[in-house]
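K.L.:
quick one: sequence plus predicted model below, questions after.
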Amino acid sequence: MPSPKAKNPGRSGGSPVLGSSNGRYEFMSLTKPLNRSSPPHLLQRQGSDPTTARLRASESPTRRRGSGSSTGSASGQGPPEEDGIRLNPSLIRVALSSLLAIDLWLSKQLGVCACEDSSWGSVRPLMKLLEISGHGIPWLAGTAYCLYKSDSAAGQEVMLNLFMGLLLDLILVGIVKALVRRRRPAHNRMDMFATFSVDRYSFPSGHATRAAMCGRFLLAHLVLAAPLRVLVLLWVGLVGLSRVMLGRHNVTDVVFGFWMGYCQYNLVEMLWLSPQTLQGLLGQSA
Ligand SMILES: CC(C)=CCC/C(C)=C/CC/C(C)=C/CC/C(C)=C/COP(=O)(O)O
């Protein structure tokens, strides 16, 4: 005589499910893996209904890996595309952590001027000179001076836009540093002059963004002979290299900084302040 529960075979929960096979009711545990010989309607109820499938899909890869026997994929029963989906995030994670490990290792190897007694400690003063050459203060002060001294409208326009670009660079780098909050390499000695509080973070390198942006700016707006153009490019590269050699940055901070500075120049061009715009702005404020 079946129990009253048998009248409602579709009910599920923590209690065993009653199934009918060959006209006889049998108990089946919900916590044990399903026998392959189970009738199709029980297989359906156990995990192949859309709701359960959705729940399984929303589980994290780790959780799904842990419960492989219940999904059937560990025993090779799971659909092949599900395995593919599970592999992708781990592959990306492995690739990123490998890149990070290479970055840290390479940066440590290249940080040969991190202090005076490092293997290349004797060239540290030269590296610090390159640091000053890419610092925000000399660039802002120099540009402001040229703007003040310039007696042509074209010169003033170029210098004003460079000045705006330098301010934009400080703001954008500050925002990214505050968002990413990557610590400077452990071998760095924090002996830089005139820094903001966000400069305790290393991603991206502010010197690299400035060097890349100013380098592009100079090449585009100054009429320079070929050797000088090469010198500008050399300076940009050396500023970036000196950041890693001084132990201030990891390689990825500088590479990203170069890319960011390159893009910042595009932004400066887009927001270019022409004399007409300036007159309009000054006219509005007057
Ligand atoms: C001189 C004029 C006209 C204005 C000064 C405006 C001002 C307060 C500028 C601040 C410039 C400044 C302190 C920039 C920080 C530069 C720096 C140390 C960046 C860190 O570079 P990183 O490569 O180590 O990330």
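P.N.:
Okay, I see it. Note that this is a predicted model, so its numbers are computed, not measured.

K.L.:
check contacts around the nearest residue to residue 278 once chain neighbours are set aside.
P.N.:
With Cβ to Cβ, 6 or more residues apart in numbering as the criterion, residue 278 has its nearest non-adjacent residue at 7.3 Å, and that residue is residue 160. Bear in mind the C-beta positions are built from the backbone N, C-alpha and C, glycine included. Residues in contact with residue 160 (Cβ atoms under 8 Å, 6 or more residues apart in numbering) are 147, 273, 278.

K.L.:
list just the nearest of those to the ligand.
P.N.:
residue 147 (9.5 Å; Cβ to the nearest ligand atom).

K.L.:
just the buried positions in the strand or helix carrying residue 239, please.
P.N.:
Applying DSSP states H and E as the criterion places residue 239 in helix 226-245. In terms of neighbour count (16 or more other Cβ atoms under 10 Å), helix 226-245 has its buried residues at 232, 235-236, 238-245.

K.L.:
got a list of what residue 136 touches?
P.N.:
166, 169-170, 194, 206, 210.

K.L.:
where neighbours are concerned, which of the residues you listed has the most?
P.N.:
residue 206 (30 neighbours; other Cβ atoms under 10 Å).

K.L.:
looking at that one now. What's its pLDDT?
P.N.:
Looking at residue 206, its pLDDT reads 97.

K.L.:
quick check, it in contact with residue 171.
P.N.:
No. Residue 206 is beyond contact range of residue 171, at 11.0 Å (criterion: Cβ atoms under 8 Å).

K.L.:
would you mind finding the longest helix in the chain?
P.N.:
Longest helix of the chain, by residue count under DSSP state H: helix 80-110.

K.L.:
show me what it is packed up against.
P.N.:
On a contact count with 3 or more Cβ pairs under 8 Å, 6 or more residues apart in numbering; DSSP states H and E, helix 80-110 meets helix 61-66, helix 226-245, helix 251-270.

K.L.:
please repeat the previous calculation with a cut-off of 10 Å.
P.N.:
helix 50-58, helix 61-66, helix 226-245, helix 251-270 (3 or more Cβ pairs under 10 Å, 6 or more residues apart in numbering; DSSP states H and E).

K.L.:
of these, which is nearest the ligand?
P.N.:
helix 226-245 (5.4 Å).

K.L.:
point out where the protein drops to low pLDDT.
P.N.:
Residues of the chain meeting the criterion pLDDT under 70: 1-87, 282, 284-286.

K.L.:
get me the contact residues on this structure for the ligand.
P.N.:
135-137, 140-141, 144, 170, 192, 194-196, 199, 205-207, 243, 248 (Cβ under 6 Å from any ligand atom).

K.L.:
how about 8 Å then?
P.N.:
Residues of the chain found near the ligand, taking Cβ under 8 Å from any ligand atom as the criterion, are 131, 134-137, 140-141, 143-144, 163, 170, 173, 177, 184, 192-196, 199, 201-202, 204-210, 243, 248-249, 253, 257.

K.L.:
buried only: go through the residues you listed for me.
P.N.:
Among these, those that count as buried by neighbour count (16+ other Cβ under 10 Å) are 131, 134-136, 140, 143, 163, 170, 173, 177, 184, 192, 199, 201-202, 204-210, 243, 248-249, 253, 257.

K.L.:
any idea which residue of the stretch 51-200 of the chain lies closest to the ligand?
P.N.:
For the stretch 51-200 of the chain, Cβ to the nearest ligand atom, closest residue to the ligand: residue 136, 2.9 Å.
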